[in-house]
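In: fold the following, please.
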Amino acid sequence: GFAALNVASLDLLLDAGMRYGATSYSDLICTVRGPRTASMLDLTVSIITWGATVAYWVFIKQLLPMLLVTLGVPAWLARAEVALPLLAVLVFAIALPRDITAMGKFSILGVCSVMYVCFFLVFSACTAGV
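Out: This is a model prediction of the structure:
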């Protein structure tokens, strides 16, 4: 149900973008609804993106130290106050290149990790009797 709705909405957006010659959602909304609505869209997307980023960092802050200790990393390096800034520098360095085509090969890792987490959560819920 939701997948079909998602595909239909993406098809509609693609058709509208091609019809109006828009190259982004913001361009499409600006053409169809005006610049004020496009600015609201940009603000909304920025707020949602910022919130998701903060949520991911909170999640990483809680899990990363335990994972690093499990992997045998020294305790002083596994502390969140040390590991998070190092991770932030790594993420920033990865985001610098203008062409990220080479990273496309690793996108399957993201899909596999999401599938693993979903499977682990369902398995844990079943074994815990939830």
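
In: the longest helix in the chain is where?
Out: For the chain, the longest helix by residue count, based on DSSP state H, is helix 35-70.

In: and it, which residues are buried?
Out: Residues 38, 41, 60, 64-65, 68 are the ones in helix 35-70 that count as buried (16 or more other C-beta atoms under 10 Å). All C-beta atoms are positioned from the backbone trio N, CA, C, and that covers glycine.

In: return the closest of the residues you listed with respect to Val122.
Out: Minimum distance to Val122 across the buried residues of helix 35-70 is 22.3 Å, recorded for Ile60 (C-beta to C-beta).

In: any weak-confidence spans in this protein?
Out: For the chain, the stretches flagged by pLDDT under 70 are 130.

In: all helices for it, in order.
Out: Under DSSP H, the chain gives helices at 2-20, 25-33, 35-70, 75-78, 80-95, 107-128.

In: to Thr101, which of the ones you listed lies closest?
Out: Among these, helix 107-128 comes nearest to Thr101, with 11.1 Å by C-beta to C-beta.

In: convert the C-alpha atoms of that closest one to CSV, please.
Out: In CSV, the C-alpha atoms belonging to helix 107-128 read as follows (Å, rounded to 0.1, in the frame of the first residue of the first chain):
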residue,chain,number,x,y,z
SER,A,107,25.3,2.3,-0.5
ILE,A,108,24.4,-1.4,-0.3
LEU,A,109,26.1,-1.4,3.1
GLY,A,110,23.5,1.1,4.4
VAL,A,111,20.6,-1.0,3.1
CYS,A,112,22.1,-4.2,4.6
SER,A,113,22.7,-2.4,8.0
VAL,A,114,19.1,-1.2,8.1
MET,A,115,17.9,-4.8,7.2
TYR,A,116,20.1,-6.2,9.9
VAL,A,117,18.8,-3.8,12.6
CYS,A,118,15.2,-4.5,11.6
PHE,A,119,15.8,-8.3,11.7
PHE,A,120,17.6,-7.9,15.1
LEU,A,121,14.8,-5.9,16.6
VAL,A,122,12.1,-8.4,15.4
PHE,A,123,14.2,-11.4,16.6
SER,A,124,14.8,-9.7,20.0
ALA,A,125,11.1,-8.9,20.4
CYS,A,126,10.1,-12.5,19.5
THR,A,127,12.7,-14.1,21.9
ALA,A,128,11.8,-11.7,24.7
